[in-house]
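A.B. asks: sequence first, predicted model second:
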Amino acid sequence: MIYERPKPKAKLSRPERKELLERYYGEYRAWAAEDRSCLNRKVPRGAFNEILNQVGGLLLEQAGMMATTPGPVCEFLKQNPLPPALEGKLPDEFRAFALALNALKQWVAAEQAATDRYLLGGQARTECWAAADVCIVSGVSLADGVGELHHPVRDGRPPIPLGADAHDQLEGQVSTPGDDSTRSVLLTLKRQGNRSWVHLRRGCLDLLGAPVEHSTPNVAAASKTFARNAARATGMSYEELVLWLDDSGLGA
């Protein structure tokens, strides 16, 4: 089966998208007034175990074949031999598997970003911000675009603009004594630069050479600056920062 990115049966016009978002945000405002947990629902971790095991098995099988079959991966392994200190410790099948995992990570990032565009198209992020003038949780103004686009449920529904503090509270990110030091350092940098976790993720991926979509060149530059400052402050590599964001469920 060949993967094809899901597409809606019919596209909404810009006025229809604006009306949809305004109604959608109003409905969530009413729901959140009754039960704020509706803004942060997670599917149980084990729900996708079967499909993830299938994906992992396929990666192992295909990576093993690509490591020994003439082709771009096999050629890449030959052109990039291991340093003598690592010889005999990393089999080519494992190296190919690690490369496949990295490719999968980039693919997942691109496809997850595309889920926001399913209903709203290429200007999804811009139109989400334009449809909300205040945070539905705290009531603070969003006029300056400072805050986070927050996904209440990762099932394709559009993200909701929230004030930075409201988002941090929902995700349990408010720094308190005893908090994870990495989180505290990154949260301070994030607030100082009025950046988001998405900016950090995209800045890291950009610096790693992965395909990334930024809203403007200025945002691209600021995101990479955030990533560089984060790496410097934490002593983590860009890959480690992305993995930390993955483990924390942030900025996806």
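C.D. replies: Nice, I can see it. Residues are numbered from 1 along each chain as shown.
A.B. asks: tell me where the stretch 101-250 of the chain has helices.
C.D. replies: For the stretch 101-250 of the chain, applying DSSP state H, counting those that start in this stretch gives helices covering 124-130, 164-170, 181-192, 197-207, 217-234, 238-248.
A.B. asks: can you dump the C-alpha coordinates of stretch 181-197 into PDB?
C.D. replies: Presented in PDB, the C-alpha positions along stretch 181-197 are these (Å, rounded to 0.1, in the frame of the first residue of the first chain):
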ATOM      1  CA  SER A 181      16.200  21.700  35.200                       C
ATOM      2  CA  THR A 182      16.000  21.400  31.400                       C
ATOM      3  CA  ARG A 183      12.400  22.400  31.400                       C
ATOM      4  CA  SER A 184      13.100  25.400  33.700                       C
ATOM      5  CA  VAL A 185      16.000  26.600  31.600                       C
ATOM      6  CA  LEU A 186      14.100  26.300  28.300                       C
ATOM      7  CA  LEU A 187      10.900  27.800  29.800                       C
ATOM      8  CA  THR A 188      12.900  30.900  30.800                       C
ATOM      9  CA  LEU A 189      14.400  31.200  27.300                       C
ATOM     10  CA  LYS A 190      11.000  30.700  25.700                       C
ATOM     11  CA  ARG A 191       9.400  33.500  27.800                       C
ATOM     12  CA  GLN A 192      12.400  35.900  27.400                       C
ATOM     13  CA  GLY A 193      12.100  35.700  23.600                       C
ATOM     14  CA  ASN A 194       8.300  35.400  23.300                       C
ATOM     15  CA  ARG A 195       8.900  32.200  21.500                       C
ATOM     16  CA  SER A 196       6.900  28.900  21.400                       C
ATOM     17  CA  TRP A 197       7.800  25.200  21.700                       C
END
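A.B. asks: how near is P8 to P158?
C.D. replies: Applying CB to CB, to the nearest Å, the value for P8 to P158 is 13 Å. In short, each C-beta sits where N, CA and C put it, glycine included.
A.B. asks: these two: which is more packed in?
C.D. replies: P158 (24 against 11; other CB atoms under 10 Å).
A.B. asks: what about the stretch 51-200 of the chain, any weak spots by pLDDT?
C.D. replies: For the stretch 51-200 of the chain, residues meeting the criterion pLDDT under 70 lie at 144-146, 171-180.
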